[in-house]
Structure formats: structure tokens, C-alpha cells
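>>> coordinates only, sequence not included:
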């Protein structure tokens, strides 16, 4: 009886596979008898590149990633396959090894037919062989591999172990933002348990463990479902059953509201299949999970591509999130990836009051983003449908801007800005920012080296171009420049950096990387290990001080066994930092002068000197004497050691920056001929040159931003 039930089950599965559609009952029965069912956990390899042909594979449920493996184990030719698709046929027909590796992205069920059995089936069912040949011919003509290319789907699970954190508010706003920013299909799924009491035995706090009083974020904007949820256990075993319950065309995103009986062991095994049901129909699946941590919630988190953990900035809440991270690490083992798990902090008060050290102490995990508290005036639009109602935040609120930036990153449409080093020449970055702001060009992440780190940091903490210009204009008075100099015995630098640090504190205060409006990456260089340091957590003052430690000018920062100097020495234009974070649209601003620019500088200086020397004594005796006395007094300092070191470094940095520029989509290179690296007081001219260069690049920038 068991064998008969198994055969009937395989027969029903075979009927669902598109490649077998239209075959007779007898032919389907013959295929079912030769088939076996394989179950694969997330991360399991179904078959590997280079292995001999073994089976013909058909995906019943779940989804897989197909890829080739190159030098260093790097993935290439990545493709995605899901329910109803098949692979392995080329290897069977040619006898050659598999050309790709197939790895389960979710728990997957796959129907397999052994190589010899499948060749027998092809002989017995010529119609099937003809159909497969036609399919292969199309793929070959289009340059495809052994799989049919489909769009990649991303499953995002949103979870908080504590009530009152606004995780549902965040989840629905995220779904709507992804839809708006990408224009692609999105579904918002709400999953909640039938019972209200948190299950025991998980060790993770639930709703009853110190939950805060509900605030505006949770009460005013939290989604309110008007209709009863669908019982998950009634639909989880059927793809069509699930899709029939999806609510469409009421909101910009599709909706599904389901509930489940907690601690249902059978349902836990199927939750991965439920999540993967929407793959192929939706580009993005946003799943809002209940606060109570049980096996089904944990399983859903492990099946997601991205996990967003939302927490308040109380120590108890941070400790709860840490326990969730530990649970996921234990569940996923070697498959755990930090970049797939994002911690998002919401302040209890108007601003996050915990210091970086406090957050790090209780969380010991990188905070990905901080959400602003919602204000009543920011709730500008009610989203109301027959099934769901909630208040949506205004597009210009800080809360909405953060969610939009996260949505843009998920959707792969983020714009990154790299600001290069160049000492005083970096003031030109302000002009570029002025143009980007006026034209409403979105910047989702910013990276900076040396002076680029200073400008990037000021912009990231909320100062606009006008505010940064005001800071820079302090240096138009040369006495203010001198106020930054604290000469020391020149052992490792001419300037100690104490007064520079004081200036940084005046402008950045105690802000950390948690306080920035967009992600900020600052580049420094460890001279001991000769390696790049990417600073992205902790004090902004400390990070920027490290990035501007120009060798031979400003003393390096000694930290444990590191000797940290100016980031521009190794990476004067940090496009690689943005590219490594999968930013696909990169704008780079290179302020370093080319060899041709330097030659023009020299020619201009010589021409100016000759003009001064040609003034006759009879026409201007005082000016005649002043020029010559000044030249005599400044001769020992004309090419001092600091000037020689910086000019030498910038010659090398220009070459490195040119190489880094190749990773950018657009490179803005202001014409800064006639300005030297130490002339901080030429603020007006530097900003003007930066603005002119940005204006010239603007049409190209707009095309980049608008491209899908």
C-alpha cells in the first residue's frame, strides 16, 4: 500500500511539470515509475560542476541557484530556477560532465530520473524527446546554459522578538518602497500565530517580556487587517491554493494574510516550500512575522534571503535581538552569512540615546540602520483597502527616507558616491554636492578618503552643501588655518593632530556611524600590514582623524599594533568599497591633478613670478624690494619636506585613482589647474570648479540614476 501511495504521489507530481504536459496517462505513469523524489535543505548542492551525468532533474517546489565556479571559487554565470523547471538534460544527451553547480536557495523538492532510465523513456516517448530538443535549440540560439533563465526573487523576513518596536510598520513601508523604487512585483505577507501566548522553550523573549507601551509608530501606522487570516495549514501543500488566496490590485503591492497553529511539526517542514511558492511570480516577497519565536518563525527566518531584525534602543531589546542572532547562527551553522542579517534600531525617545559603545556591548553585532521616530505631521496618507488599513509616512520624513534607502539597496538601484583625497583640492567636492542636491540626485551610500572623508562625513551627518561651505569658509582667513597647526618634534610628522582633532570634535561632536543619514565608509591605511582599513562603526572624529593623517605632515594614529595613516595613500578614490557592497551605480569625484595639470600649474607659477620680477624699480620701488626679499626669505621653505612628500604621494595617488575610476559609472574630474594642495583658503574658486565639473556631467548622471 505504501508503494502504491508513493507511486500515486509521484504520478500527481509528474502531471504538474510543464515539460510533461500533454502526455497520455500511460506515458505519465511510465515516467512516475522511473522517478524518485529528493528533498534538499537550503544550501545543499543538488549536483556539482564537473560531476558525471546522473539524473534528469525537475523542480517540484523551492528554488535553486545555478552557477559556474571559477578561479578562487568565485561564482559566475549565475542563473535561477524554480518550480516546474528542469535541468541535467544536456549532460545526459552528450555524456559530458555537468557544466554548472545547482544549489538550493530554499528547502526544495526535486523529482529525479536516473540517466539510463531517462534515456529509455526518451526512446519509448518520442514526443518527449522532440519537445526537449526544441527547448534545447532555443536555449542554444539565445546563448543559454542548461537552465532557463528567470528573474531573481528575493525573500525578506522582518522580525522583532519584542512587541512595540514597529516591525510591522517597517515591513509594510518597506514593501511599498521596494515597489515604488524598482517598479517590480512585490507581495506583502503577514504571518501570525493563532495563539496569543508565547511558546515556551525557545529562550527568546516574547510579547510578555518587558514590551514597551505602544507608541505612535506601532498604534498609528501599524497595519490593521479587516478580514480573517487564511489558515496556513489548509493551503501550504498546494501552489495554486496559495496563489488563489493572494489579494491583488487593492494596493501597489499584493497581499496575503495567514495564520498558523504554533509548534506544528508538519507545518515547520513545509514553511520553506510555502515561502518559495511566490518565487517566479514576484521579484520581492516581504514577510512580516509575529513577535513570538517558535520553530515555524525560526524556520521562516532561515529560509529567507534577507532577515531584518527590528529593535528599540533599550538594553533589554538589544539583548533580545542578540539571542535571535545566536539562534540563527546555531540553526544555519556554516551557512550563516552576516551580510544577510540586518539589525535596524528605532529610538524610544526622539533620538538614539545609547552610545556606540553601549549598543556594541549589548548587541555585539553591526547596526545596519537607525529609523527616526515618527511624528504626527509625517503621517500624511492613509492606505485603505477592503482587507488592509494603515497610515503611510510622508516621502520627506526622515523615517521614510531611511526606508527608501534600504529599499533601493535591496532593489539594486542604489547610487553610491565616492569622494577622493587631495588635501585642499578636496574642497571642490562641495561644489559637486551642491549640484547633486539642486538636481535631487539620490545618494544612498557615500565613501571618502582623506579630505574626501571630511566632506563625506559632514554631508552624512546631515549638513547640506551650503552648511559644509560655511565650515570650509573658516579657512579663507589664513589665521584659522594656522590654528590647526600644533608643531611637534618631527619624528613621525610635523603636526601632532591634536588641534585638528579639536576642530573635528567642534564639527562632528560625539556622533558615530549610527548617527549618519546614509551609510558612510571612511578609508584609512595600516602602514604595518600595508592594507586598507574600511572604517564604518564607532566615532566619526576618530575615523576621520585616521583618514587624514598625511604621511610626513600629520602624525599617524597608533592603535594597538597598527600604524594608521591617510587612506588616500593606498585608495585615493574608494570606488572599490562601493562595488564590494554591490552598489551598481557609482559616481566618483577625482580631484587629484594629472601630470598635465601639474605641468600647467608650474607654467602658471613661473609666469606669475616673471611678471612680478619684470616690474621696474622706478615704477614701484616698494613692490620691487618686497618681491625679492620675500623670495629670499621663503627660498629655504620653497620645496620643504612636507611639500615634497605630498607631491610625491599625489603623483602615485593619481595613477591609483585612475585605476579606481574604472569601477565607476561616472567620474567627475574638476579642472583645478592653478591651485596647490595646501591652498585651503581658495574656497570660492575650489567650490566653483567642482560645481562646473558636476554640471557638465549632469546629463550622464541623470541617465545613470533613471536607468533600471
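The structure has been received and is ready for your questions. Keep in mind that this is a model prediction, so the values were computed, not measured.

>>> would you mark the buried spots in the longest helix along the chain?
Counting residues, the longest helix found in the chain (DSSP state H) is helix 683-706. Across helix 683-706, burial judged by 16 or more other CB atoms under 10 Å covers 683, 685-691, 693-695, 697-698, 701, 704-705. C-beta coordinates here come from the backbone N, C-alpha and C atoms, glycine included.

>>> work out for me the element residue 409 sits within.
In the assignment (DSSP states H and E), residue 409 maps to helix 398-410.

>>> note down every partner strand of whichever helix or strand comes after that helix and its orientation.
Tracing the chain past helix 398-410, the next element assigned as helix or strand by DSSP H and E is strand 415-419. Its sheet considered, strand 415-419 pairs with strand 445-449 (parallel), strand 585-589 (parallel) by DSSP bridges.

>>> mean confidence (pLDDT) on the last one, please.
When pLDDT is averaged along strand 585-589, the result is 97.

>>> got it, and the first one?
If you average the pLDDT over strand 445-449, you get 97.

>>> contacts for whichever helix or strand comes after it?
Going down the chain from strand 445-449, the next helix or strand is helix 451-460, by DSSP H and E. By CB atoms under 8 Å, 6 or more residues apart in numbering, the list of residues contacting helix 451-460 from outside reads 417-427, 429-430, 433, 446-448, 465, 467-468, 471, 507-508, 516-518, 520, 522-523, 540, 543-544, 547-548, 567-568, 574, 589, 591.

>>> redo that, cut-off 7 Å
Helix 451-460 is contacted from outside by 419-423, 426, 429-430, 433, 446-448, 468, 471, 507-508, 516-518, 520, 522-523, 540, 544, 547-548, 567, using CB atoms under 7 Å, 6 or more residues apart in numbering.

>>> just the ones of the residues you listed in helices?
Using DSSP H, the contacts of helix 451-460 in helices are 429-430, 433, 468, 471, 507-508, 540, 544, 547.

>>> after the helix or strand of the chain with the lowest mean pLDDT, which helix or strand is next?
When each helix and strand of the chain is scored by mean pLDDT, DSSP states H and E, helix 216-219 comes last, with a mean of 45. Tracing the chain C-terminally past helix 216-219 and defining elements by DSSP H and E, one meets strand 224-225 next.

>>> looks like residue 289 contacts residue 299 (just checking).
No. Taking contact to mean CB atoms under 7 Å, the distance of 10.7 Å between residue 289 and residue 299 leaves them out of contact.

>>> so for those two, which residue has more residues nearby?
In terms of neighbours (other CB atoms under 10 Å), residue 289 is the more surrounded of residue 289 and residue 299; the figures are 26 against 20.

>>> measure the closest residue to the more buried one other than its chain neighbours to residue 286 for me?
Beyond its immediate neighbours in the sequence, the residue positioned closest to residue 289 (CB to CB, 6 or more residues apart in numbering) is residue 159, lying 4.4 Å away. Distance of residue 159 to residue 286, given as CB to CB, to the nearest Å: 12 Å.

>>> where does pLDDT dip in the stretch 451-600 of the chain?
Across the stretch 451-600 of the chain, residues meeting the criterion (pLDDT under 70) sit at 478, 482, 489-493, 598.

>>> which SSE is residue 563 in?
Residue 563 belongs to strand 562-566 when elements are defined using DSSP H and E.

>>> residue 475: neighbour count?
Using other CB under 10 Å: residue 475 sits among 19 other residues.

>>> what's the neighbour count on the closest residue in space to it that isn't next to it in sequence?
Leaving aside its sequence neighbours, residue 475 sits nearest to residue 680 (CB to CB, 6+ apart; 4.1 Å). Look at residue 680: counted by other CB under 10 Å, it has 22 neighbours.

>>> how much space separates residue 680 from residue 599?
According to CB to CB, residue 680 stands 23 Å off from residue 599.

>>> ok, now residue 40?
Using CB to CB, residue 40 is found at 64 Å from residue 599.

>>> neighbour count winner among the two?
Ranked by neighbour count (other CB under 10 Å), residue 40 and residue 599 place residue 40 first, with 18 against 12.

>>> isn't that one right up against residue 46?
Yes. Using CB under 7 Å, residue 40 is in contact with residue 46, at 5.9 Å.

>>> list the residues that contact both of the two?
If you check residue 40 and residue 46 against CB under 7 Å, 6+ apart, the residues they both contact are 104, 110.

>>> okay, now the unreliable bits of the stretch 1-150 of the chain?
For the stretch 1-150 of the chain, the stretches with pLDDT under 70 are 1-5, 72, 134-150.

>>> now with 50?
Low-confidence segments of the stretch 1-150 of the chain (pLDDT under 50): 1, 141-149.

>>> okay, helices next: where are they in it?
In the stretch 1-150 of the chain, the helices defined using DSSP state H, counting those that start in this stretch lie at 2-16, 25-34, 89-94, 115-124, 126-141.

>>> what would the ones you listed look like in a markdown table with mean neighbour count?
Written out in a markdown table, the entries for those read as follows (neighbours: other CB atoms under 10 Å):
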| stretch | mean neighbour count |
| --- | --- |
| helix 2-16 | 13 |
| helix 25-34 | 16 |
| helix 89-94 | 18 |
| helix 115-124 | 16 |
| helix 126-141 | 13 |
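
>>> turn those helices into TSV, columns for distance to residue 348.
Converted to TSV, the helices of the stretch 1-150 of the chain look like this (distance: least, CB to CB, whole Å):
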stretch	distance to residue 348
helix 2-16	50
helix 25-34	59
helix 89-94	58
helix 115-124	61
helix 126-141	55
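
>>> nearest to residue 583, out of the ones you listed?
Within these, the stretch nearest residue 583 is helix 126-141; the backing value is 31.7 Å (CB to CB).

>>> what segments of the stretch 451-600 of the chain are strands?
Counting by DSSP state E, counting those that start in this stretch, the stretch 451-600 of the chain has these strands, from start to end: 520-526, 531-535, 557-559, 562-566, 585-589.

>>> can you put those strands in a markdown table and add mean neighbour count?
As requested, these are arranged in a markdown table below (neighbours: other CB under 10 Å):
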| stretch | mean neighbour count |
| --- | --- |
| strand 520-526 | 26 |
| strand 531-535 | 17 |
| strand 557-559 | 14 |
| strand 562-566 | 23 |
| strand 585-589 | 26 |
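
>>> what's residue 114 in contact with, if anything?
With CB under 7 Å, 6+ apart as the criterion, the residues that contact residue 114 are residue 55.

>>> how close does it get to residue 84?
As judged by CB to CB, residue 114 and residue 84 stand 21 Å apart.

>>> same thing with residue 44?
Going from residue 44 to residue 84 by CB to CB gives 20 Å.

>>> next: residue 317.
From residue 317 across to residue 84, the span is 43 Å (CB to CB).

>>> same question, residue 552
In terms of CB to CB, residue 552 sits 65 Å off from residue 84.

>>> and these two? Which one has more around it.
In terms of neighbours (other CB under 10 Å), residue 552 is the more surrounded of residue 552 and residue 84; the figures are 21 against 17.

>>> surely that one is in contact with residue 648?
No. The pair residue 552 and residue 648 fails to qualify as a contact (CB under 7 Å) at a distance of 9.2 Å.

>>> so where do the helices sit in the stretch 301-450 of the chain?
With DSSP H, counting those that start in this stretch as the criterion, the stretch 301-450 of the chain has helices spanning 315-332, 356-363, 398-410, 428-438.

>>> most tightly packed of those helices?
Each of the helices of the stretch 301-450 of the chain was assessed for mean neighbour count using mean count of other CB atoms under 10 Å. The highest is helix 428-438, with a mean of 24.

>>> gap between that helix and the chain center?
Centre-to-centre, helix 428-438 and its host chain are 24 Å apart (CA atoms, centre = their mean, to the nearest Å).

>>> over to stretch 648-661?
The chain centroid and the centroid of stretch 648-661 are separated by 27 Å, computed with CA atoms, centre = their mean.
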